[in-house]
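K.L.:
Sharing a model prediction with you, sequence too.
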Amino acid sequence: MGIHDGHRERMRRRFLENDLDGFADHEALELLLYYVIPRGDVNPIAHALMDRFGSLSGVFSAPAELLVQVEGVGERTAMLLRLVPQIARKARLSDLKRELALNTREQVGAYLLELFSRERNEAVYQICLDGKGKLLACRRLGEGSATAVTLDVRSVVQNAILCSASSVILAHNHPSGVALPSKEDQAATLRVREALATVDVRLEDHIIVADHDFISFSESGFLSGGGRLLPP
(Lines give C-alpha, C1' and ligand atoms only; values in the text may rest on other atoms or scores of the structure.)
Protein backbone atom coordinates (compact mmCIF):
# COMPACT_ATOMS: atom_id res chain seq x y z
CA MET A 1 0.00 0.00 0.00
CA GLY A 2 1.36 3.41 -0.98
CA ILE A 3 1.77 6.30 1.44
CA HIS A 4 -1.34 8.03 0.07
CA ASP A 5 -3.59 4.94 -0.15
CA GLY A 6 -4.62 5.14 3.49
CA HIS A 7 -5.62 8.78 3.10
CA ARG A 8 -7.70 7.99 0.04
CA GLU A 9 -9.47 5.17 1.81
CA ARG A 10 -10.28 7.39 4.79
CA MET A 11 -11.71 10.04 2.46
CA ARG A 12 -13.85 7.49 0.66
CA ARG A 13 -15.11 6.11 3.99
CA ARG A 14 -16.03 9.61 5.17
CA PHE A 15 -18.05 10.14 2.03
CA LEU A 16 -19.84 6.78 2.26
CA GLU A 17 -20.80 7.47 5.87
CA ASN A 18 -21.79 11.15 5.64
CA ASP A 19 -21.90 12.11 1.95
CA LEU A 20 -20.07 15.43 1.55
CA ASP A 21 -21.13 16.78 4.95
CA GLY A 22 -18.06 18.09 6.72
CA PHE A 23 -15.88 18.13 3.59
CA ALA A 24 -14.07 21.34 2.76
CA ASP A 25 -14.44 22.40 -0.87
CA HIS A 26 -10.90 21.37 -1.75
CA GLU A 27 -11.47 17.95 -0.10
CA ALA A 28 -14.59 17.34 -2.20
CA LEU A 29 -12.57 18.20 -5.29
CA GLU A 30 -9.76 15.94 -4.11
CA LEU A 31 -12.20 13.04 -3.74
CA LEU A 32 -13.38 13.53 -7.32
CA LEU A 33 -9.83 13.64 -8.64
CA TYR A 34 -9.16 10.16 -7.21
CA TYR A 35 -11.26 8.68 -10.01
CA VAL A 36 -9.20 10.16 -12.82
CA ILE A 37 -5.77 10.26 -11.13
CA PRO A 38 -5.51 6.79 -9.56
CA ARG A 39 -2.07 7.20 -7.95
CA GLY A 40 -0.27 9.83 -5.93
CA ASP A 41 -1.24 12.83 -3.84
CA VAL A 42 -3.92 14.92 -5.54
CA ASN A 43 -4.29 17.34 -2.63
CA PRO A 44 -1.85 19.87 -4.17
CA ILE A 45 -3.77 19.71 -7.47
CA ALA A 46 -7.08 20.36 -5.69
CA HIS A 47 -5.57 23.35 -3.88
CA ALA A 48 -4.02 24.66 -7.11
CA LEU A 49 -7.37 24.47 -8.88
CA MET A 50 -9.13 26.27 -6.05
CA ASP A 51 -6.43 28.95 -5.95
CA ARG A 52 -6.55 29.46 -9.70
CA PHE A 53 -10.35 29.60 -10.12
CA GLY A 54 -11.46 30.81 -6.71
CA SER A 55 -14.24 28.33 -5.86
CA LEU A 56 -15.73 24.98 -6.76
CA SER A 57 -18.14 26.63 -9.15
CA GLY A 58 -15.19 28.47 -10.70
CA VAL A 59 -13.35 25.18 -11.23
CA PHE A 60 -16.38 23.48 -12.74
CA SER A 61 -17.16 26.36 -15.08
CA ALA A 62 -13.58 26.91 -16.26
CA PRO A 63 -12.79 26.12 -19.91
CA ALA A 64 -10.75 22.99 -20.52
CA GLU A 65 -7.92 25.01 -22.06
CA LEU A 66 -7.48 26.86 -18.75
CA LEU A 67 -7.87 23.77 -16.58
CA VAL A 68 -4.96 21.99 -18.29
CA GLN A 69 -2.71 24.95 -17.48
CA VAL A 70 -2.83 23.89 -13.81
CA GLU A 71 0.09 21.60 -12.98
CA GLY A 72 -1.06 17.97 -12.74
CA VAL A 73 -4.25 18.49 -14.72
CA GLY A 74 -4.28 16.62 -18.01
CA GLU A 75 -6.89 16.31 -20.73
CA ARG A 76 -8.75 13.48 -18.97
CA THR A 77 -8.94 15.39 -15.71
CA ALA A 78 -10.15 18.52 -17.47
CA MET A 79 -12.83 16.49 -19.25
CA LEU A 80 -14.07 15.03 -15.94
CA LEU A 81 -14.23 18.47 -14.33
CA ARG A 82 -16.26 19.76 -17.27
CA LEU A 83 -18.48 16.67 -17.48
CA VAL A 84 -19.65 16.27 -13.88
CA PRO A 85 -21.47 19.62 -13.48
CA GLN A 86 -23.02 19.32 -16.93
CA ILE A 87 -24.48 15.90 -16.12
CA ALA A 88 -25.87 17.32 -12.86
CA ARG A 89 -27.36 20.28 -14.74
CA LYS A 90 -28.90 17.98 -17.34
CA ALA A 91 -30.51 15.92 -14.58
CA ARG A 92 -31.96 19.04 -12.91
CA LEU A 93 -33.39 20.27 -16.22
CA SER A 94 -34.89 16.85 -16.86
CA ASP A 95 -36.61 16.97 -13.46
CA LEU A 96 -37.95 20.44 -14.17
CA LYS A 97 -39.33 19.36 -17.53
CA ARG A 98 -41.03 16.31 -16.04
CA GLU A 99 -42.42 17.88 -12.89
CA LEU A 100 -43.44 21.39 -13.91
CA ALA A 101 -46.01 22.84 -16.22
CA LEU A 102 -44.47 26.14 -17.21
CA ASN A 103 -47.59 28.21 -16.63
CA THR A 104 -46.45 30.73 -14.01
CA ARG A 105 -43.60 33.21 -14.13
CA GLU A 106 -41.99 31.57 -11.10
CA GLN A 107 -41.90 28.18 -12.83
CA VAL A 108 -40.61 29.63 -16.07
CA GLY A 109 -38.03 31.69 -14.20
CA ALA A 110 -36.71 28.69 -12.24
CA TYR A 111 -36.40 26.66 -15.42
CA LEU A 112 -34.60 29.43 -17.31
CA LEU A 113 -32.19 30.30 -14.50
CA GLU A 114 -31.03 26.68 -14.58
CA LEU A 115 -31.00 26.60 -18.37
CA PHE A 116 -28.75 29.63 -18.66
CA SER A 117 -26.58 28.82 -15.65
CA ARG A 118 -23.60 27.73 -17.76
CA GLU A 119 -23.98 30.06 -20.74
CA ARG A 120 -20.98 32.37 -21.04
CA ASN A 121 -22.11 34.15 -24.21
CA GLU A 122 -25.48 35.54 -25.10
CA ALA A 123 -27.79 32.77 -26.32
CA VAL A 124 -31.46 32.53 -27.21
CA TYR A 125 -33.91 29.71 -26.51
CA GLN A 126 -37.46 29.00 -27.62
CA ILE A 127 -39.89 27.21 -25.32
CA CYS A 128 -42.95 25.67 -26.97
CA LEU A 129 -46.03 25.07 -24.80
CA ASP A 130 -49.38 23.38 -25.26
CA GLY A 131 -52.67 24.99 -24.27
CA LYS A 132 -52.21 24.02 -20.60
CA GLY A 133 -48.68 25.33 -20.32
CA LYS A 134 -47.01 21.92 -20.63
CA LEU A 135 -43.52 21.99 -22.06
CA LEU A 136 -43.49 20.48 -25.55
CA ALA A 137 -39.93 21.41 -26.54
CA CYS A 138 -37.05 23.70 -25.71
CA ARG A 139 -34.87 24.72 -28.64
CA ARG A 140 -31.56 26.56 -28.54
CA LEU A 141 -31.83 28.98 -31.44
CA GLY A 142 -28.34 30.39 -31.46
CA GLU A 143 -25.40 31.97 -29.71
CA GLY A 144 -23.70 35.28 -30.23
CA SER A 145 -20.90 37.19 -28.60
CA ALA A 146 -21.00 38.14 -24.95
CA THR A 147 -23.28 41.04 -25.89
CA ALA A 148 -25.33 40.06 -28.94
CA VAL A 149 -27.19 37.22 -30.62
CA THR A 150 -29.10 37.02 -33.88
CA LEU A 151 -32.70 35.76 -33.77
CA ASP A 152 -33.98 33.74 -36.73
CA VAL A 153 -37.72 34.48 -36.81
CA ARG A 154 -38.38 31.83 -39.45
CA SER A 155 -36.90 29.12 -37.20
CA VAL A 156 -39.13 30.24 -34.33
CA VAL A 157 -42.24 29.82 -36.50
CA GLN A 158 -41.08 26.47 -37.88
CA ASN A 159 -40.39 25.10 -34.40
CA ALA A 160 -43.82 26.20 -33.20
CA ILE A 161 -45.52 24.46 -36.13
CA LEU A 162 -43.51 21.25 -35.75
CA CYS A 163 -44.38 21.06 -32.03
CA SER A 164 -48.05 21.96 -32.60
CA ALA A 165 -47.50 24.66 -29.98
CA SER A 166 -50.29 26.85 -28.68
CA SER A 167 -47.83 29.40 -27.34
CA VAL A 168 -44.15 30.23 -27.29
CA ILE A 169 -41.82 31.80 -24.75
CA LEU A 170 -38.59 33.36 -25.97
CA ALA A 171 -35.66 33.68 -23.61
CA HIS A 172 -32.17 35.03 -23.86
CA ASN A 173 -29.49 36.08 -21.42
CA HIS A 174 -27.42 39.19 -20.83
CA PRO A 175 -23.97 38.04 -19.65
CA SER A 176 -23.27 41.64 -18.65
CA GLY A 177 -25.54 41.06 -15.63
CA VAL A 178 -28.03 43.78 -16.62
CA ALA A 179 -31.43 42.33 -17.49
CA LEU A 180 -32.98 45.48 -18.94
CA PRO A 181 -34.16 44.94 -22.55
CA SER A 182 -32.49 46.85 -25.34
CA LYS A 183 -34.25 48.49 -28.27
CA GLU A 184 -33.06 45.55 -30.39
CA ASP A 185 -34.65 43.12 -27.91
CA GLN A 186 -37.95 44.97 -28.14
CA ALA A 187 -37.90 45.14 -31.95
CA ALA A 188 -37.09 41.43 -32.25
CA THR A 189 -39.89 40.57 -29.83
CA LEU A 190 -42.45 42.41 -31.93
CA ARG A 191 -41.24 40.73 -35.12
CA VAL A 192 -41.61 37.29 -33.52
CA ARG A 193 -45.05 38.09 -32.12
CA GLU A 194 -46.30 39.19 -35.52
CA ALA A 195 -44.81 36.17 -37.29
CA LEU A 196 -46.28 33.69 -34.78
CA ALA A 197 -49.69 35.33 -35.06
CA THR A 198 -49.79 34.36 -38.74
CA VAL A 199 -49.88 30.69 -37.69
CA ASP A 200 -52.21 31.29 -34.73
CA VAL A 201 -49.56 30.84 -32.05
CA ARG A 202 -49.24 33.29 -29.13
CA LEU A 203 -45.98 34.80 -28.04
CA GLU A 204 -46.57 34.21 -24.34
CA ASP A 205 -43.53 36.04 -23.10
CA HIS A 206 -39.96 37.06 -23.77
CA ILE A 207 -37.74 36.70 -20.74
CA ILE A 208 -34.26 38.11 -20.25
CA VAL A 209 -32.02 36.34 -17.73
CA ALA A 210 -29.08 38.07 -16.07
CA ASP A 211 -27.12 36.54 -13.19
CA HIS A 212 -29.76 35.29 -10.73
CA ASP A 213 -32.60 37.50 -11.93
CA PHE A 214 -34.90 37.79 -14.92
CA ILE A 215 -37.23 40.30 -16.54
CA SER A 216 -40.54 39.35 -18.18
CA PHE A 217 -41.77 41.36 -21.17
CA SER A 218 -45.34 40.33 -20.38
CA GLU A 219 -45.10 41.39 -16.76
CA SER A 220 -43.65 44.73 -17.81
CA GLY A 221 -46.67 45.33 -20.07
CA PHE A 222 -44.65 45.32 -23.29
CA LEU A 223 -46.76 42.51 -24.77
CA SER A 224 -50.11 43.85 -23.56
CA GLY A 225 -52.72 43.47 -26.24
CA GLY A 226 -50.64 40.77 -27.89
CA GLY A 227 -51.46 37.62 -25.93
CA ARG A 228 -52.44 36.35 -22.51
CA LEU A 229 -50.13 37.34 -19.67
CA LEU A 230 -48.65 34.70 -17.45
CA PRO A 231 -50.21 34.87 -13.98
CA PRO A 232 -48.03 36.55 -11.32
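P.N.:
Structure received.

K.L.:
Now the biggest helix by length in the chain: buried residues?
P.N.:
Longest helix in the chain, counting residues (DSSP state H): helix 75-99. Within helix 75-99, the residues scored as buried using 16 or more other C-beta atoms under 10 Å are 77-78, 80-82, 85, 96. Placement of C-beta: from N, CA and C, glycine included.

K.L.:
Can you spell out which helices and strands pack onto the helix or strand of the chain with the lowest mean pLDDT?
P.N.:
Counting by mean pLDDT, DSSP states H and E, the chain has its least confident helix or strand at helix 75-99, which shows a mean of 80. In this structure, helix 75-99 makes packing contacts with helix 25-33, helix 56-61, helix 64-67, helix 105-115, judged by 3 or more C-beta pairs under 8 Å, 6 or more residues apart in numbering; DSSP states H and E.

K.L.:
For residue 116, grab phi and psi.
P.N.:
Note on residue 116: its backbone torsions stand at phi -90, psi 0 [degrees, to the nearest 10].

K.L.:
any idea how far residue 192 is from it?
P.N.:
19 Å (C-beta to C-beta, to the nearest Å).

K.L.:
Residue 20 too?
P.N.:
44 Å.

K.L.:
Settle it for me: which of those two has more neighbours?
P.N.:
residue 192 (22 against 12; other C-beta atoms under 10 Å).

K.L.:
Check the more buried one and give its pLDDT.
P.N.:
Per-residue confidence (pLDDT) for residue 192: 92.

K.L.:
Also residue 161?
P.N.:
94.

K.L.:
Walking through the chain, point out its strands one by one.
P.N.:
Secondary structure of the chain, counting by DSSP state E: strands at 123-129, 135-143, 167-173, 202-210, 213-216.

K.L.:
Output these in CSV; the columns should cover mean pLDDT.
P.N.:
Below are the strands of the chain laid out as CSV (pLDDT from 0 to 100):
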stretch, mean pLDDT
strand 123-129, 92
strand 135-143, 86
strand 167-173, 93
strand 202-210, 91
strand 213-216, 86
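
K.L.:
For residue 90, which of these is the nearest?
P.N.:
Taking C-beta to C-beta, strand 135-143 is the member of the strands of the chain nearest to residue 90, at 12.3 Å.

K.L.:
I'd like the domain boundaries of the chain, if you could list them.
P.N.:
5-89, 101-220 (automatic domain parsing).

K.L.:
just those: most buried one?
P.N.:
With neighbours taken as mean count of other C-beta atoms under 10 Å, the domains of the chain reach their highest mean count in domain 101-220, at a mean of 17.

K.L.:
How far does that one sit from its chain's centre?
P.N.:
Centroid separation for domain 101-220 versus its chain: 14 Å, with C-alpha atoms, centre = their mean, to the nearest Å.

K.L.:
Equivalent analysis for stretch 77-94, please.
P.N.:
Worked out by C-alpha atoms, centre = their mean, stretch 77-94 lies 11 Å from the chain centre.

K.L.:
what does that stretch rub up against?
P.N.:
32-33, 35-37, 45, 49, 59-62, 64, 67-68, 73, 111, 114-115, 117-118 (C-beta atoms under 8 Å, 6 or more residues apart in numbering).

K.L.:
again, only this time at 7 Å
P.N.:
32-33, 36-37, 59-60, 64, 67-68, 114-115, 117-118 (C-beta atoms under 7 Å, 6 or more residues apart in numbering).

K.L.:
With distance to residue 90 and pLDDT as new columns, can the residues you listed be given to me in JSON lines?
P.N.:
Formatted as JSON lines, the contacts of stretch 77-94 follow (distance: C-beta to C-beta, whole Å; pLDDT from 0 to 100):
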{"residue": "32", "distance to residue 90": "18", "pLDDT": "92"}
{"residue": "33", "distance to residue 90": "22", "pLDDT": "93"}
{"residue": "36", "distance to residue 90": "20", "pLDDT": "90"}
{"residue": "37", "distance to residue 90": "25", "pLDDT": "89"}
{"residue": "59", "distance to residue 90": "19", "pLDDT": "91"}
{"residue": "60", "distance to residue 90": "14", "pLDDT": "89"}
{"residue": "64", "distance to residue 90": "18", "pLDDT": "90"}
{"residue": "67", "distance to residue 90": "20", "pLDDT": "93"}
{"residue": "68", "distance to residue 90": "24", "pLDDT": "93"}
{"residue": "114", "distance to residue 90": "10", "pLDDT": "82"}
{"residue": "115", "distance to residue 90": "11", "pLDDT": "85"}
{"residue": "117", "distance to residue 90": "11", "pLDDT": "81"}
{"residue": "118", "distance to residue 90": "10", "pLDDT": "75"}
